[in-house]
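Asker: got a sequence here, can you model it:
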Amino acid sequence: MIKVTEILQVLSDNTRLRLLRLLAEEELSVAELQEILEMGQSRISTHLSQIRRHGLLTDRKDGKKTFYSLNLSDSPRLDLIRVALREDSEEEFWETDQAGLTRIIDRRRRESERYFDEVAERLGKNYVPGRSWDAIGHFLLRLVPRINVADLGAGEGTLSQLLAERANKVYCIDSSKSMVRLGTDLAKKKNLSNLVYKQGDIEKVPLNSKSVDLALMSQSLHHAQHPEKALAEAYRIVKPGGQLVVLDLKKHQFEKARELYQDQWLGFGENDLYRMIREAGFLRAKVEIVAKESKEPFFETILGVGDRN
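Answerer: Predicted coordinates:
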């Protein structure tokens, strides 16, 4: 059991307070913390080691990088930290730190958007992991006619264009301006007036709460910075009685996917996806493998579903 005096010792240093304040806001790597605080790697790592030793941090490996965040599992210690951080937020350096954090988050988003802007014209022609007609067939089996659908992380909207032939209305949400522009042009060419493209983040969907009957995520969840937030947003926009359907890659070890496809996550384990769907609020969750590719790196596609009561 960590003593209160030990926690107070951790909180007594301004640099550690700044680190905790940032990590309470966002999961960050050492390099990103260096950039925000304008400090050397050794100094940052030393302070992180001290904080982690007292159980105040969690870490996650992402390729060669390690990302840190505030450990929210211990409420007594967390209450003490919240008091310290609330006072710390009045310090003048927090405004600078907040600006640096905003810059890092914006850069992450721009890097992801730049990738999809570059491939907007080629996605329908080139290979993309997990895109197989076998998997899409399973996806379409979940469609109920004449409903409102949200395709979250839709890309150019190949799937949405198929759904729009039968659905009442289909909203395509994508963070890339080029994707939205391309999709809008395709919808006009195909006279799909019920197919609407909107630029937005799947972690902050630009749709009203309880506005759609079906939320779809086809190979988009592994691009989310925070998959849990994206699934929570899906729950928010789905009407009672509606459904979530997720198609994504099963967890794999193909590290080049991060560079080639801007993947934030190397797929998801079946148990992990099931847990996240349940924690988002969906009931009767089910996750299964629906496709296996025969060529290296042998990607497998998983299908996850859940209902909202």
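
Asker: residue boundaries of the helices in the stretch 101-250 of the chain?
Answerer: 133-141, 158-163, 177-189, 227-237 (DSSP state H, counting those that start in this stretch).

Asker: so how far is the helix or strand residue 17 falls within off the chain centroid?
Answerer: Assigned by DSSP states H and E, residue 17 belongs to helix 14-25. Chain-centre distance of helix 14-25: 23 Å, with CA atoms, centre = their mean, to the nearest Å.

Asker: now swap in stretch 94-107 and tell me
Answerer: Put simply, stretch 94-107 sits 19 Å off its chain's centre (CA atoms, centre = their mean).

Asker: any buried residues in it, and which?
Answerer: For stretch 94-107, the neighbour count (16 or more other CB atoms under 10 Å) marks 94, 97, 100, 101, 104 as buried. C-beta coordinates here come from the backbone N, C-alpha and C atoms, glycine included.

Asker: next one: stretch 302-309
Answerer: Neighbour-count burial for stretch 302-309, counted by 16+ other CB under 10 Å, picks out 302, 303, 304, 305, 306, 307, 308.

Asker: quick one: which of these is nearest residue 261?
Answerer: For the buried residues of stretch 302-309, the closest approach to residue 261 (CB to CB) belongs to residue 302, at 16.9 Å.

Asker: doesn't that closest one fall inside a strand?
Answerer: Yes - according to DSSP: H, G, I helix; E, B strand; the rest coil, residue 302 belongs to a strand.

Asker: hmm, back to that, which elements pack onto the helix holding residue 17?
Answerer: helix 4-11, helix 30-37, helix 41-53, strand 65-70, helix 75-88, helix 93-119 (3 or more CB pairs under 8 Å, 6 or more residues apart in numbering; DSSP states H and E).

Asker: rebuild the buried residues of stretch 94-107 as JSON lines, extending it with pLDDT and distance to residue 203.
Answerer: Shown next, in JSON lines, are these (pLDDT from 0 to 100; distance: CB to CB, whole Å):
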{"residue": "94", "pLDDT": "78", "distance to residue 203": "24"}
{"residue": "97", "pLDDT": "88", "distance to residue 203": "22"}
{"residue": "100", "pLDDT": "86", "distance to residue 203": "21"}
{"residue": "101", "pLDDT": "91", "distance to residue 203": "16"}
{"residue": "104", "pLDDT": "88", "distance to residue 203": "16"}
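
Asker: just send those back as JSON lines, with distance to residue 6 too.
Answerer: Shown next, in JSON lines, are the buried residues of stretch 94-107 (distance: CB to CB, whole Å):
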{"residue": "94", "distance to residue 6": "24"}
{"residue": "97", "distance to residue 6": "25"}
{"residue": "100", "distance to residue 6": "29"}
{"residue": "101", "distance to residue 6": "27"}
{"residue": "104", "distance to residue 6": "30"}
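
Asker: looking at these, spot the one nearest residue 50.
Answerer: residue 97 (18.9 Å).

Asker: now do the same contact list for that closest one.
Answerer: By CB atoms under 8 Å, 6 or more residues apart in numbering, the residues touching residue 97 are 18, 21, 22, 36, 37.

Asker: for the first one, give its distance to residue 271.
Answerer: Read it as residue 18. 36 Å (CB to CB, to the nearest Å).

Asker: more neighbours: these two, which one.
Answerer: The neighbour count for residue 18 versus residue 271, taken as other CB atoms under 10 Å, is higher for residue 18 (22 against 10).

Asker: I'd like to know how far the closest residue to that one other than its chain neighbours sits from residue 226.
Answerer: Spatially, and ignoring its direct neighbours in sequence, residue 18 is nearest to residue 97 (5.8 Å; CB to CB, 6 or more residues apart in numbering). Applying CB to CB, the value for residue 97 to residue 226 is 20 Å.

Asker: correct me if wrong: residue 39 contacts residue 14.
Answerer: No - judged on CB atoms under 8 Å, residue 39 makes no contact with residue 14 at a distance of 11.6 Å.

Asker: neighbour count for the two, which is higher?
Answerer: residue 39 (15 against 11).

Asker: OK, contacts around that one?
Answerer: 15, 33.

Asker: and it, what pLDDT?
Answerer: Looking at residue 39, its pLDDT is 91.

Asker: for residue 229, same thing?
Answerer: Looking at residue 229, its pLDDT is 97.

Asker: burial measure for residue 165, as a count.
Answerer: Residue 165 has 12 neighbouring residues, counting by other CB under 10 Å.
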